[in-house]
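Undergrad: for reference, the sequence and a predicted model appear below.
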Amino acid sequence: MFRKTKKDKWKKYANQSAKDFEKFAKWTPSHKTKLLAEFASVEEGIEDVSHMYDSAIKSACEGSNISDGGLVYETASAHDLEQGNITTASHHYGQAHNSYLKWAAKCKANHLILHSSF
């Protein structure tokens, strides 16, 4: 929500969630990397956010949890789109769609098609 609204109340919730999440990060490294990229994407002055998303994608793809890949690709696509990187955003969006199909999350894959910015 903070990414969309930029309201401080959502940032407070995000920060608390990040602290709570640290307990579980050792079991889900791709989630931790994605979370760090999400925070970096809304903070001003943080360089190389795209590289952070790439690291999260790599971590998710190396793991055995297919859903992680879809989630990371989808959020990377949103970041790319905000930055005006249409080609990369489209690629990540397509990869998210493919990941959701592999996960057998057909409703989520269809949701991406219906709400695509492309």
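TA: Perfect, I can see it now. Numbering: from 1, shown residues only.
Undergrad: could you check how far Thr88 is from Ala78?
TA: As judged by C-beta to C-beta, to the nearest Å, Thr88 and Ala78 stand 12 Å apart. For the C-beta atoms, the positions are set from N, CA and C on the backbone; glycine is no exception.
Undergrad: try Lys108
TA: Distance from Lys108 to Ala78, by C-beta to C-beta: 15 Å.
Undergrad: could you do Val49 as well?
TA: 12 Å.
Undergrad: and Leu101, by the same measure?
TA: Applying C-beta to C-beta, the value for Leu101 to Ala78 is 19 Å.
Undergrad: those two - which one has more neighbours?
TA: Taking neighbours as other C-beta atoms under 10 Å, Leu101 and Ala78 compare with Ala78 leading, 19 against 16.
Undergrad: next, that one: secondary structure please.
TA: Here Ala78 is helix, with the state taken from DSSP: H, G, I helix; E, B strand; the rest coil.
Undergrad: quick one, strands of this structure?
TA: Shown for the chain, no strands are assigned by DSSP state E.
Undergrad: quick check: chain neighbours aside, which residue is closest to Glu74?
TA: Ala96 (4.0 Å; C-beta to C-beta, 6 or more residues apart in numbering).
Undergrad: right, and that neighbour touches Ser67 too?
TA: No: contact between Ala96 and Ser67 fails when scored by C-beta atoms under 8 Å: they sit 10.6 Å apart.
Undergrad: compare these two (neighbour count), which wins?
TA: Under the criterion of other C-beta under 10 Å, the comparison of Ala96 against Ser67 puts Ala96 first, with 23 against 16.
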